[in-house]
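**Student:** Attaching a predicted model along with its sequence, questions to come.
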Amino acid sequence: SNTLSKEDMSALYKKIGDIISMHEQPMDVIAQLDNYNFVFVMSRNSKDTALSDAEKIVHSVHDSAFSTSKGPIKVTLSGGILLKAPASALESSILDAHKVMEKAKESGGNRVAQLREKADHFR
């Protein structure tokens, strides 16, 4: 939010990063793309496992209170998940995931959207 200071925003992103890293496994990569977006490249045995971990992250953020100079606040996280095709570049997969994430946001946030058979689907 624009009403928070840079220090508050940094602390907020650090805490979200910490929450994501609690679900991190050795082959995973976490990156902050820009002010409002993280990418979490997950190496999992199945899409269901990846989706379950993504949903746990969203719920952990939802259940957390974030300290700011204006007092504790609640944060809404939306996620988009898709399988990366072996031949596709990571950058294009990130763009696709971003589009799916926008669908989750449009549906009210606090959810993980996924692309299934070219149709938007929510679990």
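**Tutor:** Everything's here; your move. Numbers count the residues shown, from 1 in each chain.

**Student:** Just give me the neighbour total for I57.
**Tutor:** Neighbour count for I57, taken as other Cβ atoms under 10 Å: 20. The C-beta positions use only the backbone N, C-alpha and C, and glycine is treated the same way.

**Student:** what's the helix or strand containing it in contact with?
**Tutor:** Assigned by DSSP states H and E, I57 belongs to helix 47-63. Under the contact criterion Cβ atoms under 8 Å, 6 or more residues apart in numbering, helix 47-63 has outside partners 16, 19-20, 22-23, 40, 42, 44, 74-79, 81, 83, 110-112, 114, 123.

**Student:** Can you flag the buried ones in these?
**Tutor:** Among those, those buried by neighbour count (16 or more other Cβ atoms under 10 Å) are 16, 19-20, 23, 40, 42, 44, 75, 77-79, 81, 110-112, 114.

**Student:** Just want the most central residue of the protein.
**Tutor:** G79 (4.4 Å; Cα atoms, centre = their mean).

**Student:** That one contacts E102, correct?
**Tutor:** No. Using Cβ atoms under 8 Å, G79 makes no contact with E102, being 11.0 Å away.
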